Structure formats: structure tokens, C-alpha cells
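1. Got a sequence here, can you build the structure:
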Amino acid sequence: MATKTLGTTGIEVTSMGFGTWAWGDSLFWGYGKDYGESDLRLAFRAMIDQGITFIDTAEVYGLGESEELLGKFIKETSANVQIASKYMPLPWRFRKEDVADAVTASLKRLKLSSMDLYQVHFPAPSFLNQEGLMNALADEVEQGRIKTVGVSNYNAQQLREAHRLLARRGVPLAVNQMRYSLITREIETNGVMDAARELGVTILAYSPLAQGLLTGKYTATNLPTGARSLDKRFQAAGLRKLQPVFDKLDRLGTEYSKTPAQIALNWLICQPGVIPIPGVKTVAQVEQNAAALGWELSAADVAELSRA
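-> Predicted structure coming up:
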């Protein structure tokens, strides 16, 4: 299994990870109705079977249920599973001790003594300013409860500031987790990607399939239901606008004997310093996404998709 390094930390993880927002989330994803713990246990085992052991979660996913489920499943395997979780800087968390308490709670749910990556979920305004927050996270690295620090949804200026503050403590900033896909490219033009590459920060790409838009499942005559139907890209006009991209994914899929989703994920894997983390909740999704690994699009095809 090919690996990539988290920033300049020396920590190597699989070139693609999996996201677990849907694990335990009944409000948005329908956990307990459309799927349950037994489905997720099978999905977890499929991850291990496919050799993908880098898994992203957060304390707010399912209000802790995602971490709880992962904690159960990790105990059932001998594989070296690498966990990334996230801290939500809620307004009333204004002491450095609140960061320590959150780490303690996450580790308890995960049934771990340490985790590989701990990220700030959003750059939310808080009484605990960025300096206090980064110092609290550096303390956790020094204590060995987290191996490295990341951020999520940070703009270029916020990313540079977090990197500077951690560097004063001798702690590298490992990642910035951002929405990034073949059709979600803002970080390429707003300075985030440039800053990340300059500083040696890895981009963890969430929603790498644009919430299913790049799977080929939806068309102008096969529209989604639920929350996706509110997104203009998933409506008939939006899908027609994206049809040239879908056509190229289909053509390349035929050439490489891959699905459109696998082509779209491989496009991300081919980007330097980028690790996609598609969300999964079934064995089929794990196996489909895992097939994006072990091969590479040609440089010409990467460029053609980028232009499209």
C-alpha cells in the first residue's frame, strides 16, 4: 500500500483515508434507520482487508458516537489503525484545560492512549485565542497523547498563523483539512494550497466526491432527494452544466477500467501533498473507493481533467 507523509512530521499514512461523519449521525445521514452498527463494523473490517488504515473522525460526529464505534472496532483488530480526530472550539471552551478535557474524552471513546492526528475543526472565534489553542495542542504533543497537530477549514492567513505559533513550540503543523475535489477547487485560487505547499502542510481532502456528485449516480433525469436536492449543483441545471466533466470521467473510466468515482479520487491522489478521505458507511463503498489506489492517471489525463 502506497503511503504519504502528514506534512513534515514523518508520520506515514495510507495515500487515501476514510471519513466517518456518517458514523452515528442520525440527523443528516440517517444512522439507525438506513444502516447501523453491524453495517459499519463490516465496513471497518473491509477497510482493514483493503489495507487502508487511516481513519478520520471528530468529537461532534454523532455527538461522540463515531469515536465510540471506532473504539469498539479497533479493539477487534490487530491492525495498526491510525486515527485522526477533531476538536470543536466552541465559544464556552475558553481555557487550555478545555482542550485537555476534550482530548481525554476522545481518547476514552476511542479506547486509545494516543491518537496520530488531532485537528481544530473550524477556526471559530473563541475566548481561547489561536495562541492559547496552539499552545494547548503543543502541550498535548509533548505529553504524547497526540502525535501531531492539524487544522481544518483554515484560510491561508489562519494557516500561516497556526504554523507560526506551533513552530515556536517546535511542533510542525501537519495538515489542513479542506473541502477539495475535481469540481471544488477554491483552495487552488484563494491562497490555501500555495500556503500549504510553501509550509509543507498536507491537505486532507474531505468531500472528495462532492457528496456523491462525482460518482455518476446523479444526472439531470435522475435527481437526488433529501438534503442534496437543495444544492444547486445537484439540480437539473447544475448537473447539465457539469455534464462535460462527467463525460470525461466516463471516457477515462472506460480507458482505465475504473468507475468515474475512482478516476476522480485518483485525480486527487495524483496531486502532491493531498490525501483524499471519502466518507464510507458500507462495504461496497469501501471496496469501490479502495480501487482508486494502486495505479495512477497519466500526467496528460490529470491535466485534461483539471482543465475540464
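2. where does the protein have its least confident helix or strand?
-> Sorting the helices and strands of the chain by mean pLDDT, DSSP states H and E puts helix 236-241 at the bottom, at a mean of 83.
3. Any stretches of this protein with poor pLDDT?
-> 126, 220, 224-227, 229-230 (pLDDT under 70).
4. if we go to 90?
-> 1, 27-30, 34, 90-94, 124-129, 211-213, 215-243, 308 (pLDDT under 90).
5. What segments of this structure are strands?
-> In the chain, the strands defined using DSSP state E lie at 3-5, 12-14, 18-19, 54-56, 82-87, 117-120, 149-152, 173-179, 202-206, 274-276.
6. can you put the ones you listed in JSON lines and add mean neighbour count and distance to residue 94?
-> Backbone N, C-alpha and C define where each C-beta goes, glycine included. Listed next are these as JSON lines, based on neighbours: other C-beta atoms under 10 Å; distance: least, C-beta to C-beta, whole Å:
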{"stretch": "strand 3-5", "mean neighbour count": "15", "distance to residue 94": "34"}
{"stretch": "strand 12-14", "mean neighbour count": "19", "distance to residue 94": "32"}
{"stretch": "strand 18-19", "mean neighbour count": "26", "distance to residue 94": "29"}
{"stretch": "strand 54-56", "mean neighbour count": "26", "distance to residue 94": "26"}
{"stretch": "strand 82-87", "mean neighbour count": "25", "distance to residue 94": "13"}
{"stretch": "strand 117-120", "mean neighbour count": "26", "distance to residue 94": "15"}
{"stretch": "strand 149-152", "mean neighbour count": "26", "distance to residue 94": "19"}
{"stretch": "strand 173-179", "mean neighbour count": "25", "distance to residue 94": "22"}
{"stretch": "strand 202-206", "mean neighbour count": "25", "distance to residue 94": "27"}
{"stretch": "strand 274-276", "mean neighbour count": "25", "distance to residue 94": "32"}
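7. Including distance to residue 37, could the ones you listed go into JSON lines?
-> Shown next, in JSON lines, are those (distance: least, C-beta to C-beta, whole Å):
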{"stretch": "strand 3-5", "distance to residue 37": "30"}
{"stretch": "strand 12-14", "distance to residue 37": "24"}
{"stretch": "strand 18-19", "distance to residue 37": "17"}
{"stretch": "strand 54-56", "distance to residue 37": "16"}
{"stretch": "strand 82-87", "distance to residue 37": "18"}
{"stretch": "strand 117-120", "distance to residue 37": "25"}
{"stretch": "strand 149-152", "distance to residue 37": "26"}
{"stretch": "strand 173-179", "distance to residue 37": "26"}
{"stretch": "strand 202-206", "distance to residue 37": "23"}
{"stretch": "strand 274-276", "distance to residue 37": "26"}
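8. out of these, nearest to residue 285?
-> With C-beta to C-beta as the criterion, residue 285 lies closest to strand 18-19 of those, at 8.8 Å.
9. which helices and strands does the closest one pack with?
-> Packing partners of strand 18-19 (3 or more C-beta pairs under 8 Å, 6 or more residues apart in numbering; DSSP states H and E): strand 54-56.
10. which other residues reach the strand it packs on?
-> 13-14, 16-20, 47, 70, 81-86, 177, 204, 206, 275, 277 (C-beta atoms under 8 Å, 6 or more residues apart in numbering).
11. Go through the strands of the chain and name the closest to residue 65.
-> Per C-beta to C-beta, nearest to residue 65 of the strands of the chain: strand 82-87, 13.0 Å.
12. Would you mind measuring from the closest residue to residue 269 other than its chain neighbours to residue 261?
-> Sequence neighbours aside, residue 15 is the residue nearest to residue 269 in space, at 5.5 Å (criterion: C-beta to C-beta, 6 or more residues apart in numbering). To residue 261, residue 15 is 16 Å away according to C-beta to C-beta, to the nearest Å.
13. The two: which has the busier surroundings?
-> A count of neighbours by other C-beta atoms under 10 Å puts residue 261 above the other of residue 15 and residue 261, at 24 against 21.
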